[in-house]
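J.: Pasting the sequence and the predicted model now:
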Amino acid sequence: MPQFSVHVPYLPARVEQIAPVAELVRRSSGARLWLGQSLTLEPHQLLAYCAGLGIRVPVGTSVTLMPLRHPYEAALQARSLALLTGHPLVAGYGPGPAAFQQALLGSRYRSPLTAVREYLMAVRGLLAGELVVLDGEYVTLGNSLPPMPHPPVSLGVGVLRPAMARLAGQLADVAITWLCPPGYLKDVLVPEIRRAAEEAGRPAPHVVSVAHLAERKPRRDPVALALSVCGAHLVSPHYVDMLNRAGVPVSADDPAAGARALVDGGVFLSGSVPELVEGLDAYRTAGVDEVVLNLSAVGQDRGGLVAVRELEFLLSALAMGVSPHRRASPGLQAGAM
């Protein structure tokens, strides 16, 4: 059975807003607290603040965008966060949208795969205490981090399509997926990840899937909820391509129809708590190791406290058939730095 973790179900506007969801992870069967890239409150600083409050739980980033920081800074941030929380950390990275690359770097990555490969190689070497000398197409580095013992840091990469799945299998400790249908994971991404890892002679990465969902309740329109949190993805070329490959018909010209397709295709799960539990079981059969429950649509629609309460109910229902874990799984730690 997969582990179940928790994604922060809102975009915190104040630092103290992360405390209730972190407390939920600490007292429940949630394995890890996940937070994606934010351009309001920086995610490493927000998670560090949480640790400073005394709420020290395993955390992960899903994912931070590479153009924002040099690999040296990324390794320093990851190691610092692992030390502050006292738990193994999953540091997830991704190249971000091409327009974002252009805006920050002056040009797009000609090869996102090469950019990710160089980035992971640099961060991994730095975390291992090595002198990293790299004169790559995208990463230039000739330095090391001062040695310091720290909890393990597992390197993750955002995976949507087969080529990145193969790269994750070759280099990453964790493959992190977002909006990927379970059938596509089972038939395409997970086999690619495992095959690449086997060919590279290394353990297969821990597969983490972020699942968007909302309990069905009166005056809740699941399509509107899906559009509210997935609308930007539904007009992004790499997500549109992935979803169409996966058999979910979406078009950047009609994100509202795309939101309907997400609901109809079970990518955005909606239903009663038992129906949500049943829908999440598809990730088990897909070979996913950890499912991250993302109730951001509820948080945006009804507020953070409502989302945290519904997360607690859902975790309790899942725990009835899932052994509770709060730390990273043995498989994840085995692949950690």
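T.: Perfect, thanks for sending it.
J.: going forward, measure contacts between C-alpha atoms and count neighbours the same way
T.: Noted.
J.: what's the spacing between the longest strand along the chain and its chain's center?
T.: The longest strand of the chain (DSSP state E) is strand 206-215. Remark: strand 206-215 is offset 9 Å from the chain centroid, using C-alpha atoms, centre = their mean, to the nearest Å.
J.: How about stretch 214-230?
T.: Worked out by C-alpha atoms, centre = their mean, stretch 214-230 lies 21 Å from the chain centre.
J.: Outside of that stretch itself, list whatever touches it.
T.: 255-256, 259-260, 262-263, 268-273, 276, 295-298, 300-301, 310 (C-alpha atoms under 8 Å, 6 or more residues apart in numbering).
J.: How about it, which residues are buried there?
T.: By 16 or more other C-alpha atoms under 10 Å, the buried positions in stretch 214-230 come out as Ala214, Glu215, Arg216, Pro222, Val223, Ala224, Leu225, Ala226, Leu227, Ser228, Val229, Cys230.
J.: Could you do stretch 107-127 as well?
T.: 108-109, 112-127.
J.: Which ones among those residues map onto helices?
T.: 112-127 (DSSP state H).
J.: neighbours around the closest residue to His206 other than its chain neighbours, how many?
T.: Sequence neighbours aside, Val174 is the residue nearest to His206 in space, at 4.6 Å (criterion: C-alpha to C-alpha, 6 or more residues apart in numbering). When neighbours are counted by other C-alpha atoms under 10 Å, Val174 registers 26.
J.: Name the residues linked to Val174 by a beta bridge.
T.: On the basis of DSSP bridges, Val174 takes part in beta bridges with Gly156, His206.
J.: residues touching it, list them.
T.: So Val174 contacts Val90, Gly92, Ser154, Leu155, Gly156, Val157, Ala168, Pro205, His206, Val207, Val208, Leu332 (C-alpha under 8 Å, 6+ apart).
J.: Turn those residues into JSON lines, columns for pLDDT.
T.: Below are the contacts of Val174 laid out as JSON lines (pLDDT from 0 to 100):
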{"residue": "Val90", "pLDDT": "98"}
{"residue": "Gly92", "pLDDT": "98"}
{"residue": "Ser154", "pLDDT": "98"}
{"residue": "Leu155", "pLDDT": "98"}
{"residue": "Gly156", "pLDDT": "98"}
{"residue": "Val157", "pLDDT": "98"}
{"residue": "Ala168", "pLDDT": "98"}
{"residue": "Pro205", "pLDDT": "98"}
{"residue": "His206", "pLDDT": "98"}
{"residue": "Val207", "pLDDT": "98"}
{"residue": "Val208", "pLDDT": "98"}
{"residue": "Leu332", "pLDDT": "40"}
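J.: Closest to Met320 out of those residues?
T.: Val208 (21.1 Å; C-alpha to C-alpha).
J.: just to revisit the earlier point, from the contacts of Val174, which is closest to Ala48?
T.: Val90 (14.1 Å).
J.: Spatially central residue for this protein, please.
T.: Ser62 (2.9 Å; C-alpha atoms, centre = their mean).
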